Structures are given as structure tokens and as C-alpha cells.
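K.L.:
Below are the sequence and a predicted model for it; my questions follow.
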Amino acid sequence: MDTIASLFSFITWPVSWVIVQFHKLYGAIFGDDTGWAWGLSIVSLVVLIRICLIPLFVKQIKSTRNMQVLQPKMKAIQERYKSDKQRQSEEMMKLYKETGTNPLSSCLPILAQSPFFFALYHVLSAIASGKTIGVIDQPLLDSARKAHIFGAPLAAKFMDSASDVSALGASMLDVRVVTAVMIVMMSASQFFTQRQLMTKNVDLTVKTPYMQQQKMLMYIFPLIFAVMGINFPVGVLVYWLTTNVWTMGQQMYVINQNPTPGSKAQDQYLGRLLKSVTAHGEVRGRTKRNTVKRIVSKGPDRNDIERKFITGLAKLGLAAQEDGTVIKSDTAVAEAEGGAAQRRQQPKRQTKAQRQTAAQQAKEAGSAEPESKTSLDKRDASQDDDKPKPAGKPASGSSRQAKSGQRKGPQRPKHPSKK
């Protein structure tokens, strides 16, 4: 880890300068040598970095959604050019270019903050070794070595020996407990962030290998952080825990305000939007109007959740417009009522037990019907024998078939002149 951190030594000066500036602010409030002053300085460094990375985070969200949408097409390309890897790569790049998707965009926030992470690790390692670094001179170095967070020094690690911990003026128990709790919190926040993305902000109607990969990462990333965390100083654990909490809150906001189409989050969002329109009779807020505008522009390509939202507006007597607003519409009410009546007229699907019972009853009725029919036939036959038969009517079954072209029944006699 020290070797990797030394590669980013060029950025240690600006990182140390930012920490020192925040330390001056918090030192005036909590005291220069307190853990609150140095700990909050690291937290503020994280917040500053993440604010600068917001545009990259937006790109990451868009890229992740585009990758989810493109998964069926990518799978079709892989199957079509299974034996030609070069053509497969060319078609993939062509698909990315046509849709404006960059597969590396989903990794941009992590890659962008990696130099700051390793630079902070380098600074804290120098503090633990008693060396000045960047703008941290000897007085600031002594102050940082005295700073403790819940009894654990900023530069202490879970795997440090008793001599190293005692040199920083702390006990092994305090260091182990504080670092273990922070590692668990760091891994749990990472797991919850990934789980939130998988369960709420994924289109469940599309089953692709991408979803399986994300599900695997949901379990792998927390384990990686847990294993690596035992070698991180307390200050780095503060940094990484803060960035995980920031990511979790940022993602929660995006899921609630701009969910992925077809996901559970979109169903909940449009349900809240429908309640808001019901209460106020209009779409309030530019973001909500843009959402309605996108749904209207899709037309017949809307998913089931969006169609449910449009139907809900119609039942209220409202129709969504292309600009994202809603207006009163009697036609929408009639269409909604007609669709509901049509759904009510459809017969309900019977269960397996009901179908078996109906089949058994039909079988019993079928076996009883021939007996009653035979008795009736015999009775009718006896009654027909008692009745006198007409003289001119031939017996049934013995009459000759009518010739072709002649009318059936009694024939009218020909005129004498035609004989």
C-alpha cells in the first residue's frame, strides 16, 4: 500500500494544504490538538472532493442506465458473432457510439477520487512515522499525533503492534475496537448502497448478465473493504466511511427523484406524484413536469408502470400534456371507465380445484343423461304406435328418395293438356 501511495505523492501537497485550512477553522472551535478538529478536517475534505465529482456521478448514473438498456442488444451481438471476436468488438463499439454510452463512465467517480485517497493515506502514514509532509510542519505534526478519535490515534491501524500503538499514546484495546467498528460500518454502508441499487433502481422486466454481475459485486465489494480496512489508518477509515455515506445518500436522492424506468423506485415515485396531482390538481415542480413530459413523449412505448400512471390521471378526469402539465378532460374519464368496464366483463380464471369439480359434475350428468333419454325414446315410440298413421303418408324409412330436381312432399297433378 505504501508503494502505491508513493505514486500519488505529487498530490500530497494540495491534500495536506486543504486539511490544514479546515484544521484552522475547526481548531478555533474544538481545539488544535483534538480529534474533532482533525477528524472533521478529513470529513470536510471528502465533502469538498465529492461536490467536485457530482458531474461525474451524473455521468455514472446515465451510463449505468444505458448499459442496462443495451444489455439485450449486446447479448444479441455476442450470439450473432460468437465465432468472430473482432467483428463482435466492432459491433459493440458501434453500438456504444450510436447510443452515446461509455462503459468506463460507471467507474469514473472511483477512479477520480483514488489519487486523493492514496494521497491522504500517504499523509497519514508520514504522520504515524513522525515525518513532515506537504504543508504539515513539525508543530502540526505533533498536533496530529496527539489527536485521538474515541481513543484511537488518526495514524493507528488495526494490525499495528503494541509498541507502535503505545508510541502514539493509545492502548491496543481502544485501537482495535474503534477500527473494527469503523470497518464494519464501512462494509455495511457499501453493501446497503449496492443493495439499494439492485432492489429498487433496476428494471426487473429485463433479465441480463449485467444484473448478475451487479449482484455479485454487492457481496464482493464489502468483503474487499473489510480485508483492506485492517491495513488502513483511522484517518483513512474516516475518509472512506464518509465517502460511502455520501454515496449512499446521493444515490438515495437520485433513486427517489429520478428512478430507472420500469423499476420498483419508479412505481413508488409515480405513486407519490399521482397523490400530489390528486391533492393539488396540477403537477408542481419543474422536475416532476419533466418526468410527465418524458412519459407523454414515449407514447405506446410506455412501460406498465407509466401506463398505470396515465390511467390513474384519466380516472381523476385529467390528461397529461406534452409540456408536462395536466388538464381537465371528459374523454379521459370515459376511456378510463370504458377500460375498467371491459376488464370487469372478462371472466375470472378458475382455479384448478374448481375446474376439476366442474369436470366431475359434467361427467356425472353425462352418465345419467342416456338413461333418461332412452326411457323417453321408448315412451315416445309406444305413443307413436298407438296413434293412427295417415293413409297418404309413407312409413318412415320405407319411402323412396325423391329424384334429383324434384320437390319433396306431395306432388301437384299435371294438367290434362300436358299428358
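P.N.:
In hand now; what should we look at?

K.L.:
R284: which element?
P.N.:
Using DSSP states H and E, R284 is not contained in any helix or strand.

K.L.:
and it, how many neighbours does it have?
P.N.:
Residues contacting R284 under the criterion other CB atoms under 10 Å number 13. Every residue, glycine included, has its C-beta placed from N, CA and C.

K.L.:
F117: what secondary structure?
P.N.:
Here F117 is recorded as helix under DSSP: H, G, I helix; E, B strand; the rest coil.

K.L.:
Please tell me how far it sits from A147.
P.N.:
As judged by CB to CB, to the nearest Å, F117 and A147 stand 20 Å apart.

K.L.:
Now do stretch 274-285: distance to the chain's middle.
P.N.:
Relative to its chain's centre, stretch 274-285 lies at 25 Å (CA atoms, centre = their mean, to the nearest Å).

K.L.:
And it, what's buried?
P.N.:
Neighbour counts over stretch 274-285 (16 or more other CB atoms under 10 Å) mark 274, 277, 283 as buried.

K.L.:
One more: stretch 303-315?
P.N.:
Using 16+ other CB under 10 Å as the test for burial, stretch 303-315 gives 303, 305-306, 309-310, 312-315.

K.L.:
Mind checking which of these are in helices?
P.N.:
Among the buried residues of stretch 303-315, the residues falling in helices (DSSP state H) are 305-306, 309-310, 312-315.

K.L.:
Mind putting those residues into TSV with pLDDT and distance to E91?
P.N.:
Shown next, in TSV, are these (pLDDT from 0 to 100; distance: CB to CB, whole Å):
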residue	pLDDT	distance to E91
I305	89	31
E306	88	31
F309	91	36
I310	91	36
G312	91	41
L313	90	41
A314	90	42
K315	89	45
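
K.L.:
Which strand or helix spans the residue nearest to T243 when sequence neighbours are not counted?
P.N.:
In this structure, T243 finds its nearest non-sequential neighbour in V46, 5.1 Å apart by CB to CB, 6 or more residues apart in numbering. Element membership for V46, per DSSP H and E: helix 35-52.

K.L.:
Can you give me the buried ones in that helix?
P.N.:
For helix 35-52, the neighbour count (16+ other CB under 10 Å) marks 35, 37-46, 49-50 as buried.

K.L.:
Would you check the distance separating that helix from the middle of the chain?
P.N.:
Counting by CA atoms, centre = their mean, helix 35-52 is centred 31 Å from the centre of its parent chain.

K.L.:
so what's I19 up against?
P.N.:
Shown in contact with I19 (CB atoms under 8 Å, 6 or more residues apart in numbering): 38, 41-42, 45, 120, 123, 136.

K.L.:
nearest to D174, of the residues you listed?
P.N.:
Among the contacts of I19, W38 lies closest to D174 (CB to CB), at 16.4 Å.

K.L.:
In this structure the closest one contacts A147, no?
P.N.:
Yes - using CB atoms under 8 Å, W38 is in contact with A147, at 4.2 Å.

K.L.:
low-scoring stretches of the stretch 51-200 of the chain, by residue?
P.N.:
Scanning the stretch 51-200 of the chain with the threshold set as pLDDT under 70 gives 64-65, 68-69, 71-72, 102-108.

K.L.:
M198: how many residues sit nearby?
P.N.:
When counting by other CB under 10 Å, one arrives at 14 neighbours for M198.

K.L.:
and it, that's in a strand?
P.N.:
No - counting by three-state DSSP, M198 is located in no strand; its state is helix.

K.L.:
what about it, distance to M216?
P.N.:
Taking CB to CB, one finds M198 at 10 Å from M216.

K.L.:
Then S114?
P.N.:
With CB to CB as the criterion, S114 and M216 are 22 Å apart.

K.L.:
Over to Q113?
P.N.:
Per CB to CB, Q113 is found 23 Å from M216.

K.L.:
Neighbour count: the two, which is higher?
P.N.:
Neighbours per residue, other CB under 10 Å: of Q113 and M216, the larger number sits with Q113, 18 against 10.

K.L.:
Please, which helix or strand holds that one?
P.N.:
Assigned by DSSP H and E, Q113 belongs to helix 108-129.

K.L.:
after that helix comes which helix or strand?
P.N.:
On the C-terminal side of helix 108-129, the closest following helix or strand by DSSP H and E is helix 138-146.

K.L.:
Next, the buried residues of that following helix.
P.N.:
140-141, 143-146.

K.L.:
Packing partners of the helix holding Q113?
P.N.:
Applying 3 or more CB pairs under 8 Å, 6 or more residues apart in numbering; DSSP states H and E, we find helix 108-129 packed against helix 2-7, helix 12-30, helix 35-52, helix 54-80, helix 138-146, helix 234-257.

K.L.:
Nothing else from me, thank you.
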